[in-house]
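1. sequence first, predicted model second:
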Amino acid sequence: MKKVYILGGAQTDFERNWTKEGKGVIALLKEVVFSALNNTNISLEEIKNLNKKNKIAIFIGNFCAEYYIQQGHLGPLLTEVSDVFYGIPSARYEAACASGSVAIDAAMTKIKAGDYDIALVIGWELMKTVDSKICGDYLGRAAFYEKEAKGIEFPFPKLFGKLADEYVKKYKLDENRYKRNLAKISSINYENAKRNPNAQTRKWFMNEKQANSRGEATNEEIGNMLSISDCSQVTDGAAAVILASEDYVNANNIKDKPYIKGYGHRVAPYLFDKKIQESKNDEYILPWTRQAIVDAYNRAELTVDDIDVFETHDCFTSSEYAAISCFGITDPGKEYEAIENGDISFNGKKPINPSGGLIGCGHPVGASGVRMMLDLYKQVTNTAGEYQVKNVINAMMLNIGGSATTNYSYIVGKESIK
């Protein structure tokens, strides 16, 4: 099977509010696309040549533009960015918060099939067009809306608050200890974000003491055991990666680029209560998430021991807590060991979210999967700047849609394997 390489990419500054700037989706796409092309040294003339040969395509990840900006039919939007994109096959892919990952999957599949040599993958979302309550309702479409979100204020904090409750119950954890561990996860992500020049919260204050101050005015409770400090951000932003075929890399004498070594994609029961019911006798509370990660390990012929850094979907601290065992860093129910030992911190043995993750970096829903892939690329190529982890050969990501309903995992690495 031929390899799919990552040539590079770009991310917008997730701190920005594009509506307040008086800018819309075309400005957002123009910035991220031309930044990605500059990063990869792909010229407009090269795009034209690839288009003539029918060897380039565009893959768009977006969740909910029909609500946030009243715009559907998103694939052709790049024709408004530049006429160089006229005629290039382009389509939108959607899987809630995993929309970016399904776009990557489609691009990777087309390249492996030999259809295209270059794929431009873009994930984006403009979310600050509405207030927080309306935004929470829109996000509820990532759950089974009629049964889990309609008429419920901020449905997703409540769903992932249920995950926290079920975790404590299933593994017989001490609730206060579990909450302290969630606070530690939050403080790590906020601290990591301070190193990232594109992170939404890089100027914010949050430490472990503040994250532990649940129920106070500065850290209000929002869903069962979860408080504001446990939540990812409402974010405007875009990320892009450019994928290339092995033939293209060889023909253009491109050196030292990482490739996608493995992937996993699994879907769980839609309703959260059915997830819990079906996993009752399984050692994992989210066995489908675990299986997606196992599939990625198997396809890459790697194990957790080979992974040097992780990017995970911390839409809430409870989802990152569950990811620790799904990655295989600990056994299920023992995640607290990796948190309390400092294993997942920036200088730990298995650092998670050096970018700041969704909590620290930000979570423009359709962009997060692509942003994670870009950060894996940066870590493996030693181009992550101040948030670079030392000696990275292989990096892994987990991107989930809904209440861990759609699960995607990717492993990116260099040619050599430790």
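-> Sure, I can see it.

2. which helices and strands sit right next to the longest helix along the chain?
-> Counting by DSSP state H, the longest helix found in the chain is helix 175-193. Contacts defined by 3 or more Cβ pairs under 8 Å, 6 or more residues apart in numbering; DSSP states H and E place helix 175-193 against helix 155-170, helix 208-211, helix 317-326, helix 335-340, helix 357-360. To be clear about C-beta, it is placed using only N, CA and C from the backbone, and glycine gets the same treatment.

3. what packs against the last one?
-> Contacts of helix 357-360 with other secondary structure elements, assessed using 3+ Cβ pairs under 8 Å, 6+ apart, are made with helix 175-193.

4. thinking again about what came up before, the inter-axis angle of the longest helix of the chain versus helix 155-170?
-> Counting by axes from the mean of the first three to the mean of the last three Cα atoms, to 10 degrees, helix 175-193 lies at 130 degrees to helix 155-170.

5. quick one: mean pLDDT over helix 175-193.
-> Across helix 175-193, the average pLDDT comes to 98.

6. looking at the chain, which residue lies furthest from center?
-> Lys52 (33.0 Å; Cα atoms, centre = their mean).

7. for it, what are phi and psi?
-> phi -60, psi -30 (degrees, to the nearest 10).

8. for it, give its distance to Gly75.
-> 20 Å (Cβ to Cβ, to the nearest Å).

9. which residues touch Ala193?
-> 199-202, 204, 355-357, 359-361 (Cβ atoms under 8 Å, 6 or more residues apart in numbering).

10. and the residue nearest to Gln291 when sequence neighbours are not counted, helix, strand or coil?
-> Leaving aside its sequence neighbours, Gln291 sits nearest to Arg266 (Cβ to Cβ, 6 or more residues apart in numbering; 4.9 Å). Look at Arg266: counting by DSSP: H, G, I helix; E, B strand; the rest coil, its state is strand.

11. just Lys274 next, same as before
-> If you use three-state DSSP, then Lys274 falls in the helix class.

12. strands along the stretch 51-200 of the chain, start to end?
-> Applying DSSP state E, counting those that start in this stretch to the stretch 51-200 of the chain gives strands spanning 56-61, 90-93, 118-125.

13. deepest-packed of these, please.
-> Of all the strands of the stretch 51-200 of the chain, strand 118-125 carries the top mean neighbour count, a mean of 29, counting by mean count of other Cβ atoms under 10 Å.

14. quick revisit: can you give me the distance of the residue nearest to Gln291 to Asn176?
-> To Asn176, Arg266 is 33 Å away according to Cβ to Cβ.

15. out of these two, which sits in the busier spot?
-> More neighbours surround Arg266 than the other of Arg266 and Asn176, with 20 against 9 (other Cβ atoms under 10 Å).

16. what's across from the more buried one in the sheet?
-> As for beta bridges, Arg266 partners with Asn407 under DSSP bridges.

17. hang on, the earlier thing: JSON lines for the strands of the stretch 51-200 of the chain, including mean pLDDT?
-> Compiled in JSON lines, the strands of the stretch 51-200 of the chain are given as follows (pLDDT from 0 to 100):
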{"stretch": "strand 56-61", "mean pLDDT": "98"}
{"stretch": "strand 90-93", "mean pLDDT": "98"}
{"stretch": "strand 118-125", "mean pLDDT": "98"}
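
18. save these as CSV, and put in distance to Ser409 too.
-> Listed next are the strands of the stretch 51-200 of the chain as CSV, based on distance: least, Cβ to Cβ, whole Å:
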stretch, distance to Ser409
strand 56-61, 16
strand 90-93, 17
strand 118-125, 16
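
19. of all these, which lies closest to Asn17?
-> strand 118-125 (12.9 Å; Cβ to Cβ).

20. which residues are in contact with stretch 137-156?
-> With contact meaning Cβ under 8 Å, 6+ apart, stretch 137-156 is reached by 63-64, 67-68, 96-97, 130, 133, 136, 158-159, 222-223, 270-272, 315-316, 365, 401-403, 405.
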